[in-house]
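Visitor: any chance you could fold what I've pasted below:
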Amino acid sequence: MSSASFPALRLRRSRRTAWSRAMVRENHVTPANLIWPLFVCDGQQQQEAISSLPGVSRWSVDLIVERAREAVAEGIPCLALFPYTQSERRSMMAEEALNADNLMCRATMAIKDALGDDIGLLTDVALDPYTSHGQDGIIDDSGYVLNDETVEQLVGQALNQARAGADIIAPSDMMDGRIGAIRDVLEDEGFSHVQIMSYAVKYASAFYGPFRDAVGSRGLLKGDKKSYQMDPANAEEALREVEQDLLEGADSVMVKPGLPYLDMVRAVKDAFAVPTYAYQVSGEYAMIEAAVAAGAGDRDALVLETLLAFRRAGASGVLTYHALHAARLLNQ
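Guide: Numbering: from 1, shown residues only. Have a look, this model is predicted:
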């Protein structure tokens, strides 16, 4: 630490002008730090507003391609895709996850056909968009999510997405052992180039409600997800989760939710020095939009400040529904 003291040391000197603040700025956000989550629905020329996520919509496959073009134009490197599966295609065993013509696969193929490697595609691996009960896995008669049976289904789902052209497989289910099982099948089937971004630190959070509306699982969910998602009280357990997933072959890891868990972003980055992402989840987005609607804050300032907080905490990048808006601000 410096031995100087006031008045020889005046920390405000470097804050006096914009050029000086820019010179000493420790952290930066660019569009390259953003991943834009998008929701896919059936149909053609369909845009379905999501009431609990003001400003966010579900898009049919043809319009998802247009959103991808917008992302490329603003320098966003990657999209995260999530399907809104029709109720008649949901089932106890989530068979639709293995359908090579499901929404996720069709959207992935359409974007890749149009844009190739101009943009990356991160595809969600979990069964909740496909189950009739809203859980992330296969359940027994008591409603308990079965780990190994679920992993078997997740492996098939991941391979299905890799064949469609996914660049990053992102298991969000929190089953034990799924990263190693998915890595093995990707290697065996010739997809060694496909990355895995593990939702390694995913808490059983109260901030997911609007997302469940977006994928159509909120009204279906029986019980809760506390037997597989992490207890918000635990930090050391999170580091064990990350270590396990890295040993099994994850290329990068994620902390979810975001702002309430910045301590975990920093802890993971310090402990493992690997690419570490944060998901600014639907409830966080909705709170910012509610504050803006109430006149309690300025959207531009709130969006950029929260993104900077993620970067300061050590996040390599951020999944955020504000990605396109933020990229446009940053490009100005």
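Visitor: count of residues packed around G209?
Guide: By the measure other C-beta atoms under 10 Å, the count of residues near G209 is 16. Bear in mind the C-beta positions are built from the backbone N, C-alpha and C, glycine included.
Visitor: number the residues from 268 up from this point.
Guide: Shifting the count to begin at 268 puts that one at G476.
Visitor: list the buried residues in stretch 551-568.
Guide: E551, Y552, A553, I555, E556, V559, G564, R566 (16 or more other C-beta atoms under 10 Å).
Visitor: just the residues you listed now: which is nearest Q599?
Guide: Comparing the buried residues of stretch 551-568 against Q599 with C-beta to C-beta places R566 closest, at 14.2 Å.
Visitor: tell me where this protein has strands.
Guide: With DSSP state E as the criterion, the chain has strands at 301-308, 314-316, 324-327, 345-350, 387-392, 435-438, 462-469, 519-523, 543-547, 584-587.
Visitor: where does the stretch 468-599 of the chain dip in pLDDT?
Guide: Along the stretch 468-599 of the chain, segments meeting pLDDT under 70 are nowhere present.
Visitor: could I get the full set of helices for it?
Guide: Ranges of helices within the stretch 468-599 of the chain are 476-482, 503-515, 529-539, 549-560, 566-580, 590-598, based on DSSP state H, counting those that start in this stretch.
Visitor: any idea which of the ones you listed is most buried?
Guide: Burial of those is given as mean neighbour count (mean count of other C-beta atoms under 10 Å); helix 476-482 ranks first at a mean of 21.
Visitor: who touches that one?
Guide: 306, 317-320, 323, 325, 349-352, 395-396, 401, 485, 488, 548-550, 552-553 (C-beta atoms under 8 Å, 6 or more residues apart in numbering).
Visitor: go again with 7 Å.
Guide: 306, 317, 319-320, 325, 349-351, 396, 485, 488, 548-550, 553 (C-beta atoms under 7 Å, 6 or more residues apart in numbering).
Visitor: same check on stretch 546-562?
Guide: 319-322, 473-478, 481, 521, 523-526, 564, 566, 569-570, 573, 585-589.
Visitor: identify each of the helices in the stretch 268-417 of the chain and give its residue range.
Guide: 285-291, 328-341, 370-382, 414-431.
Visitor: packing partners of the last one?
Guide: The elements that helix 414-431 packs onto, with contact taken as 3 or more C-beta pairs under 7 Å, 6 or more residues apart in numbering; DSSP states H and E, are helix 370-382, strand 387-392, strand 435-438, helix 445-455.
Visitor: got the angle for the longest one vs strand 345-350?
Guide: Put simply, helix 370-382 runs at 150 degrees to strand 345-350, going by axes from the mean of the first three to the mean of the last three C-alpha atoms, to 10 degrees.
Visitor: just the angle between helix 370-382 and strand 301-308, please?
Guide: Using the same axes, to 10 degrees: helix 370-382 against strand 301-308 is 120 degrees.
Visitor: buried ones in helix 370-382?
Guide: Within helix 370-382, the residues that count as buried by 16+ other C-beta under 10 Å are L370, M371, C372, R373, A374, T375, M376, A377, I378, K379, A381, L382.
Visitor: picking up where we left off before, distance to R288 added to the buried residues of stretch 551-568, as CSV?
Guide: Formatted as CSV, the buried residues of stretch 551-568 follow (distance: C-beta to C-beta, whole Å):
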residue, distance to R288
E551, 27
Y552, 28
A553, 31
I555, 24
E556, 29
V559, 26
G564, 22
R566, 22
